[in-house]
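**Student:** Fold the following for me, if possible:
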Amino acid sequence: MQLPIISDTPTRSPSHSIGNDPNARGRYAVISLGCPKNLVDTEQMLGRLDEDGYNMVGSVDDADFVVINTCGFIDSAREESLGAIDEMLDLKRQGKIRNVIVTGCLAERQQGKLLEARPEIDAMIGVFGRNEIVSVIDRLQSGIEEQQKVFRPAPIKPLSDAVRSAVTPRHFAYLKISEGCDRLCTFCAIPKMRGKHYSKPIEQVIDEAKRLGDSGVKEIVVVAQDTTYYGKDLYGEPRLTQLLTELDKIDSVGWIRLMYFYPMYIDDALVDTLAGAERILPYIDMPLQHASDKMLKRMARKTTRSLQEDILGQFRSRIKNAVMRTTMIAGFPGETEEDFAELMDFAEQQRFEHLGVFTYSIEEDTPAAKLPDRVPKEVADRRQGELMALQQGIAFEWNQSRVGTIEDVIIDSPLPDEPGVWIGRTRAEAPDIDGIVYVTASDEEQSIKVGDMLKSEIVAAEGYDLVAVAL
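**Tutor:** Residues are numbered from 1 along each chain as shown. Purely as a prediction, here's the structure:
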């Protein structure tokens, strides 16, 4: 049975070495679910397992144990995580694998409930216990009966991610600059799973970025729960501007992409830094969640539609070719048709290049779970569909406007079963979440390989995707 290393992108070829080393202490397969921040945790655990002599394999049939790094963010993510756990436990019952180890956000949030329902899980390691992975598996592989199944130490300051075994293609990587979140958005359980906000020191982040660049990474994607809050805990004030100034000096990296902005602590100095940067892309991911002041207040977002419009106006007017990504929530408790109409109006006016919509998901132990005036599921689903239909027209029109332009395209992979066709992205597409670019060579003798950054002419638009010819 082949096992996808990253569940939502099973066709990607990881740079991590996969094989059957006869001298390995044990063989394992891994399933990594959820966000890029969780993926960094996965890579850190793999790096420690590699250092300890374990060997990752590409098939459960060849594995002694399976590590499942789970997501617990919303209902669909939890269902995906539980499905993966149940599938691996079934293989354990059949004698095909020896151990199942569950890590990550679901293990952090629901350890007692999860273990009670699935006692065959051999160990559960919470978000802040990732460094325990080697000692836990050493004991399991040695046949030592584990009295303690849950490893969930208290939240700690971010650990170095320098020891990593990448599962992304070699040419791009995620760089986590902080852990946890101090925001108290009423719909979100992230602070309960990942603790308070802790920033890595600037020197540590720069060192990790240089290591990535020296290893061949051409695109670094900066991630955190709240990127704009970076440094507030360490330095008494946000230091994202200073961090980006230093990152922009790293010659070995071609692109730096920014994710997870929050609409606070965005000042003139930060916008000027983004506008004048050499390597930082004019791509900003800033989840706004809503545009109705009433909804933003109920969500405890500490912002208003007017403030959001001002920030977006600054980005658009001062950063050349700015590309904006955001996410919204439809069906939040108390959302009326008037609130939703305001959200639709905001999206139509702002014309985001990329916009995703979640229907509200009840998260236990969050303030929103206790709010009255629940929106019926069928109404929330309808609103989600209407907003996505609006966004589809905006995105398709924007892609059509790009036909005939020349853009740099980074090559991610060959297109399966289509010789001579490659999959890539421009500055305007983040890995895995945005559209893609299908690239062909302009010359039969032209050689294209993964990781190349090619000047290409956009010759057609196909919905959310583009077609280009490498020049």
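**Student:** Which strand or helix spans Cys251?
**Tutor:** Heads up, residue 251 is Asp, not Cys. Here Asp251 is covered by no helix or strand, with elements defined by DSSP states H and E.
**Student:** Ignoring the adjacent residues along the chain, who's closest to it?
**Tutor:** Leaving aside its sequence neighbours, Asp251 sits nearest to Gly213 (Cβ to Cβ, 6 or more residues apart in numbering; 7.7 Å). (C-beta placed from N, C-alpha, C; glycine too.)
**Student:** from memory that neighbour sits against Val253, does it?
**Tutor:** Yes. Gly213 lies in contact with Val253 (Cβ atoms under 8 Å); the separation is 4.3 Å.
**Student:** Can you work out which other helices and strands pack against the helix or strand Glu397 falls within?
**Tutor:** If you go by DSSP H and E, Glu397 is part of helix 377-401. Counting contacts by 3 or more Cβ pairs under 8 Å, 6 or more residues apart in numbering; DSSP states H and E, helix 377-401 packs against strand 323-330, helix 337-350, strand 354-359, strand 453-462.
**Student:** Walk me through which strands the following helix or strand past that helix pairs with, and which way each runs.
**Tutor:** Per DSSP H and E, the first helix or strand lying C-terminal to helix 377-401 is strand 406-414. Strands adjacent to strand 406-414 in the sheet, as given by DSSP bridges, are strand 421-425 (antiparallel), strand 453-462 (antiparallel).
**Student:** quick one: the helices in the protein?
**Tutor:** Per DSSP state H, the chain carries helices over the ranges 36-51, 75-93, 105-109, 111-117, 133-141, 190-194, 202-214, 232-235, 240-247, 268-276, 293-298, 305-318, 337-350, 377-401.
**Student:** which residues do Gly213 and Val253 both contact?
**Tutor:** Ile220 (Cβ atoms under 8 Å, 6 or more residues apart in numbering).
**Student:** Mind checking which of these two has more residues around it?
**Tutor:** Val253 (21 against 18; other Cβ atoms under 10 Å).
**Student:** Give me the phi and psi for the more buried one.
**Tutor:** Phi and psi for Val253, reported as degrees, to the nearest 10, are phi -110, psi 140.
**Student:** Surely Ile125 is in contact with Ser135?
**Tutor:** No. Under the criterion of Cβ under 8 Å, Ile125 is not in contact with Ser135, lying 10.2 Å apart.
**Student:** Between these two, point out the one with more neighbours.
**Tutor:** Ile125 (27 against 12).
**Student:** Provide a list of residues in contact with the more buried one.
**Tutor:** Residues in contact with Ile125 (Cβ under 8 Å, 6+ apart) are 101-104, 107, 132-133, 136, 151-152.
**Student:** Same question for Tyr283.
**Tutor:** Tyr283 neighbours (Cβ under 8 Å, 6+ apart): 257-258, 322-323, 325, 427-428, 430.
**Student:** For Arg325, see how far away it is.
**Tutor:** Applying Cβ to Cβ, to the nearest Å, the value for Tyr283 to Arg325 is 7 Å.
**Student:** and for the two, which residues touch both?
**Tutor:** Taking Cβ under 8 Å, 6+ apart as the criterion, Tyr283 and Arg325 both touch Ala430.
**Student:** hmm, who's touching stretch 86-94?
**Tutor:** For stretch 86-94, contacts defined as Cβ under 8 Å, 6+ apart pick out 1, 31, 60, 66, 68, 97-100, 118, 120-121.
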